[in-house]
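1. Give the three-dimensional model of this entry:
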Amino acid sequence: MSNESNTKKRVLTHGQLLQMKRWNTPTIYNGWEQITTHDSTRDCFNIEETRDFMPQMGPMVGYAVTLVIEPSNGKHREANPNSWNEYFRYVASVPGPKIVVTQDLEKPKVFASGWGEVMANTHKALGCVGTITDGAIRDVEWMTNAGFKALARRLCVGHGKVCPVKWNVPVEVFGRRVEPDALIHADQHGFLVIPDEDQSRVLEALRFMDANECDTVITAARSAVGLSTEELLAQIAQALGDFRSNTKKKFSSEIGY
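-> Modelled structure (predicted):
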């Protein structure tokens, strides 16, 4: 497997990525759905449930480096004894921040972990901020200590005979295909793969939608003290109308609630 990088030209600056870390993934989605031509009811996010084992670390955002593993199959080491070296060179060649998107060929029956303390520290040194793996992880406290976040299917005790099978290839995790160098935002809710054509507008869009919610429907609901039920419902209806009107005026689109 080639270790050459297919890195595309970055649309967002590192500072803009840091700004995106200040919002959770549903908030990113709320902005993204207003500007995308994709089907926002089923495209670009995980379909299967995933678990965030370090929710206290908050969201992570980065570009995908992709990896395929099969932890219980030792034959892969025999086929390519130099696979780790080649894979690490690929990871190092991609500008950060990076998220390792790992497809485990043993799912749904995961026998061993592809991720633990050693892998977390090594990838952190290579500029990675975390992993999304449809397999298992272990050493949760030590991965957290390394500052390396993980979304995974489950926890596991053993490490198996892990080595890279493929890398820098499209992978499928939690029902979603992820291409190398895709921009990803992830947290305890799941992950969103932001299409290239949407990246330049997503930050502005999410800011608008967040402010729009706070200025209309959320304020209306939280200022209900002393109102009768009829007055409260009327106030919320008016705020929801304002919210929808603001959204349509900004994006020329209807909001679904």
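
2. C-alpha only now, for contacts and for neighbours.
-> Will do.

3. Can you show me the helices along the stretch 101-250 of the chain?
-> Counting by DSSP state H, counting those that start in this stretch, the stretch 101-250 of the chain has helices at residues 117-125, 140-145, 199-215, 217-222, 229-251.

4. Show me how far the first one is from its chain's centre.
-> Going by Cα atoms, centre = their mean, to the nearest Å, the spacing between the C-alpha centre of helix 117-125 and its chain's C-alpha centre is 19 Å.

5. repeat for the fourth one
-> Relative to its parent chain, helix 217-222 has a centroid offset of 29 Å by Cα atoms, centre = their mean.

6. Give the buried residues for that helix.
-> Within helix 217-222, the residues that qualify as buried are 217, 220, counting by 16 or more other Cα atoms under 10 Å.

7. With the second one instead?
-> Residues 140, 143, 144 are the ones in helix 140-145 that count as buried (16+ other Cα under 10 Å).

8. Give me the mean pLDDT for the top strand by length along the chain.
-> When secondary structure is assigned using DSSP state E, the longest strand within the chain turns out to be strand 60-69. Confidence over strand 60-69, taken as the mean pLDDT, stands at 97.

9. Other residues contacting that strand?
-> Under the criterion Cα atoms under 8 Å, 6 or more residues apart in numbering, residues 17-18, 20-21, 91, 94, 96-105, 114, 129-130, 149, 162-171, 178-187 lie in contact with strand 60-69.

10. Any of those residues buried? List them.
-> Among the contacts of strand 60-69, those classed as buried by neighbour count (16+ other Cα under 10 Å) are 17, 20-21, 91, 94, 96-105, 114, 129-130, 149, 162-171, 178-187.

11. In strands, which of the residues you listed fall?
-> Secondary structure defined by DSSP E assigns 98-104, 114, 129-130, 149, 166-167, 171, 178, 183-187 of the buried ones among the contacts of strand 60-69 to strands.

12. Residue 40 against residue 30, yeah?
-> No: under the criterion of Cα atoms under 8 Å, residue 40 makes no contact with residue 30, lying 9.6 Å away.

13. The two - which one has more neighbours?
-> Regarding residue 40 and residue 30, a neighbour count based on other Cα atoms under 10 Å identifies residue 30 as having more, with 19 against 14.

14. So which of the buried residues of helix 140-145 is the closest to residue 54?
-> Nearest to residue 54 among the buried residues of helix 140-145, counting by Cα to Cα, is residue 144 at 6.7 Å.

15. Go ahead and confirm residue 152 touches residue 134.
-> Yes: with contacts counted by Cα under 8 Å, residue 152 reaches residue 134, the gap being 5.4 Å.

16. quick one, which of those two is more surrounded?
-> A direct count of neighbours by other Cα under 10 Å for residue 152 and residue 134 places residue 134 higher, at 28 against 23.

17. Read off the pLDDT value for the more buried one.
-> Looking at residue 134, its pLDDT stands at 94.

18. before we move on, back to that, any common contacting residues for residue 152 and residue 134?
-> With Cα under 8 Å, 6+ apart applied, the overlap between the contact sets of residue 152 and residue 134 consists of residue 50.
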